[in-house]
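In: sequence and predicted structure below; questions after.
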Amino acid sequence: MKFRMLLCGFSLGVVAALLSGELLSAGGPRDDDEMMRLYQKYALPGPFHEKLEFFEGEWDVTTKIWMSGPDAPPAVSTSTVSSKLMFGDRFLQTKMRGTMNLEINGEVMPIPMEAIGYVGYDNFKQKYTSVWIDSHNTGIYYAEGNVDETGKVFTYFGTMDVWEENARDRPYKMVDRIIDENTTVSEMHDLMLEGQTRIFEMVAKRRQPVAAMP
């Protein structure tokens, strides 16, 4: 209990010091007004976070994975997704549960899968950031990106380790497209491939459809 009280007091002290300008930065101490201006600019959610509101809700997802190349039939899986904004609308939390059909010894087998991810907009970097973990890997996927002028296409770039091929830091691209008020399509591209780079596609349908925007 004493340790938790000390930790809480230390955390509050750090916050107070930051806001009061008692901590030094590269440019020297900052006054209260400057710290408040920076806090409002970089720490509070804004218009780019509002774009994530669309993804809140319950979704049914169909996933296609091209494990044997782009010309072979994909393995098809189904799952459910629940998404909601967290931490004062700063981050979108996505939880997935379902099965992933994987090819094992020449046979496609349904394997239970759970996953969780977070997407936010970093006001300081001026980029969307994404992290993803699931029950099929021990690594964490991290990517950064932006949204196009329409506000409907989010593109992220990152690197991944492919243990099946003993490959590290393999570049990939994720594209999330808003098709209509109740449909999204997500694609993952392996940027080391030639020609068709898409390796999986996820089509999400909202469980409780909403009316089209006028």
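Out: Happy to help now that I have it.
In: next SSE downstream of the helix or strand harbouring Glu103?
Out: Element membership for Glu103 (DSSP states H and E) is strand 91-104. Using DSSP H and E, the helix or strand that follows strand 91-104 towards the C-terminus is strand 107-122.
In: so which bits of that next one are buried?
Out: Counting neighbours by 16 or more other CB atoms under 10 Å, one finds that the buried residues in strand 107-122 are 113, 115, 117-121. The way it works is simple: take the backbone N, C-alpha and C, and place the C-beta from them, glycine included.
In: farthest-separated two in those?
Out: Met113 and Tyr121 (27.3 Å; CB to CB).
In: now for the nearest residue to Lys173 once chain neighbours are set aside: which residues touch it?
Out: Nearest non-adjacent residue to Lys173, counting by CB to CB, 6 or more residues apart in numbering: His189, 4.4 Å away. The contact partners of His189, by CB atoms under 8 Å, 6 or more residues apart in numbering, come to 172-175, 197-199.
In: now, those that are in strands?
Out: Of these, the ones assigned to strands by DSSP state E are 172-175, 198-199.
In: looking at those, which is nearest Asp31?
Out: Within the ones in strands among the contacts of His189, the smallest distance to Asp31 is 41.5 Å, found for Met174 (CB to CB).
In: specify the beta-bridge partners of the closest one.
Out: Under DSSP bridges, the beta-bridge partners of Met174 are Tyr156, Met188.
In: can you pull the alpha-carbon coordinates of stretch 74-94 into PDB?
Out: Output of stretch 74-94 as PDB, limited to C-alpha atoms (Å, rounded to 0.1, in the frame of the first residue of the first chain):
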ATOM      1  CA  PRO A  74      -7.500 -18.100 -50.600                       C
ATOM      2  CA  ALA A  75      -8.300 -19.700 -47.200                       C
ATOM      3  CA  VAL A  76     -11.500 -18.100 -45.900                       C
ATOM      4  CA  SER A  77     -12.200 -17.500 -42.200                       C
ATOM      5  CA  THR A  78     -14.800 -15.700 -40.100                       C
ATOM      6  CA  SER A  79     -14.600 -13.700 -36.900                       C
ATOM      7  CA  THR A  80     -16.300 -11.100 -34.800                       C
ATOM      8  CA  VAL A  81     -14.800  -7.700 -33.900                       C
ATOM      9  CA  SER A  82     -15.800  -5.200 -31.200                       C
ATOM     10  CA  SER A  83     -14.300  -1.700 -31.400                       C
ATOM     11  CA  LYS A  84     -14.600   1.200 -29.000                       C
ATOM     12  CA  LEU A  85     -12.800   4.500 -28.300                       C
ATOM     13  CA  MET A  86     -10.700   4.500 -25.100                       C
ATOM     14  CA  PHE A  87      -8.700   6.900 -22.900                       C
ATOM     15  CA  GLY A  88     -10.800  10.000 -23.500                       C
ATOM     16  CA  ASP A  89     -11.400   9.200 -27.200                       C
ATOM     17  CA  ARG A  90      -7.700   9.100 -27.900                       C
ATOM     18  CA  PHE A  91      -7.400   5.500 -29.000                       C
ATOM     19  CA  LEU A  92      -9.600   3.000 -30.800                       C
ATOM     20  CA  GLN A  93      -9.500  -0.500 -29.200                       C
ATOM     21  CA  THR A  94     -10.300  -3.400 -31.400                       C
END
